[in-house]
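Q: need coordinates for the following:
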Amino acid sequence: MIFARPVMLLDRHVEEAEALRIGHLLAVFDHAVRRADDLQRDLEQHYTAHPFHPLVNAVPGVGAVLGAYFLAEIGDRPLQRFGSECSLAAYAGVAPVTWASGQTERAAFRRASSACLRSTLHTVAFSMVSHSPGAQAYYSTRRSAGDAHTTALRKLARKIVPCLYHCMVSHRPYEDAIAFGYDPAAGDAPSLPPAPPSPLWRGLSESARRRSTGTSSAAPEPDDIAGISHCPGAEAFTVLR
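A: Numbering: from 1, shown residues only. The predicted structure follows:
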């Protein structure tokens with residue numbers, strides 16, 4: 001053991017002081033973890049009590065944290081507060097500022113907006129690309145048209161805002177097919193690609209994968225064995241590649 005060498009040891013008084021300091025740091029860390037767990041529990045409790053929780057929770061890729069951030073910025077009376085989807089999009093910063101002079105038209109980033117809601121919608125759009133077939137197809141279309149990653153996400157967020165606004169105003173559930181205008185039963189309907197295998201599975205052979213999932217009871221092949229570990233006081237176990 002390298003730390004058992006005398007040259008690596010500190011003075012006994014220094015080690016006692018360090019042990020005391022590390023113990024206090026661990027206590028502070030443990031308290032912070034408990035506070036974070038309490039905050040997460042309170043957030044989920046208030047989020048589920050919100051009248052729009054079933055609607056927002058049905059959006060693919062939106063969990064308790066993103067949904068709570070979104071509803072905290074919009075509130076429970078979007079019709080009385082914003083009046084239209086365009087006002088909500090302007091408040092969220094996903095609708096650009098446009099102006100025209102003669103034959104010249106310009107568009108610029110809308111800075112007078114809610115930075116928190118804009119950041120939340122950016123994260124929602126990023127998450128929906130991996131969980132919503134319609135959002136992924138729309139994002140791929142914008143990227144193929146030459147839009148940058150952030151521009152495609154902003155346009156996706158701009159498309160999501162009116163859908164969520166109308167759902168909250170009309171109390172209708174969110175439907176991905178209606179939001180992005182496709183027929184789920186059609187042959188060309190967008191779909192999510194299969195999830196890539198875990199990096200832990202890529203190094204396993206087919207026989208090792210079957211044994212890991214319990215579909216095979218055969219003995220491991222010699223090529224699958226990386227080594228055999230012998231721990232004191234425990235039975236030897238085989239390490240598969």
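Q: can you pull up the most central residue in the protein?
A: Centroid check for the chain by CA atoms, centre = their mean gives Ser127 as the closest residue, at 5.3 Å.
Q: show me what contacts the nearest residue to Gly134 once chain neighbours are set aside?
A: Leaving aside its chain neighbours, Gly134 sits nearest to Phe180 (2.8 Å; criterion: CB to CB, 6 or more residues apart in numbering). No exception for glycine: its C-beta is placed from N, CA and C like everyone else's. Shown here is Phe180, whose contacts under the criterion CB atoms under 8 Å, 6 or more residues apart in numbering are Ser132, Pro133, Gly134, Ala135, Ala137, Tyr138, Lys159, Pro190.
Q: out of those residues, who's nearest Arg118?
A: Using CB to CB, Lys159 is the member of the contacts of Phe180 that sits closest to Arg118, with 14.9 Å.
Q: and that closest one, how many residues sit next to it?
A: Neighbours of Lys159 under the rule other CB atoms under 10 Å: 19.
Q: now it: which helix or strand?
A: helix 149-170 (DSSP states H and E).
Q: can you pull the buried residues of that helix?
A: 152-161, 163-165, 167-168 (16 or more other CB atoms under 10 Å).
Q: what's the answer for stretch 60-74, then?
A: Pro60, Gly61, Val62, Ala64, Leu66, Gly67, Ala68, Tyr69, Phe70, Leu71, Glu73, Ile74.
Q: among the residues you listed, give me the pair with the biggest separation.
A: Checking these with CB to CB, the most distant pair is Pro60 and Glu73, at 20.0 Å.
Q: what packs against the lengthiest helix in the chain?
A: In the chain, taking DSSP state H as the definition, the longest helix is helix 12-49. Packed against helix 12-49, as judged by 3 or more CB pairs under 8 Å, 6 or more residues apart in numbering; DSSP states H and E, are the following elements: helix 64-74.
Q: now the element after the helix it packs on, going C-ward?
A: Following helix 64-74 in sequence, per DSSP H and E, is helix 78-82.
Q: residues contacting that following helix, please?
A: Outside helix 78-82, the residues that reach it (CB under 8 Å, 6+ apart) are Ile74, Gly75, Leu88, Tyr91, Tyr165, Met168, Val169.
Q: could those residues go into CSV alongside distance to Ala49?
A: Shown next, in CSV, are these (distance: CB to CB, whole Å):
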residue, distance to Ala49
Ile74, 16
Gly75, 14
Leu88, 23
Tyr91, 24
Tyr165, 21
Met168, 16
Val169, 20
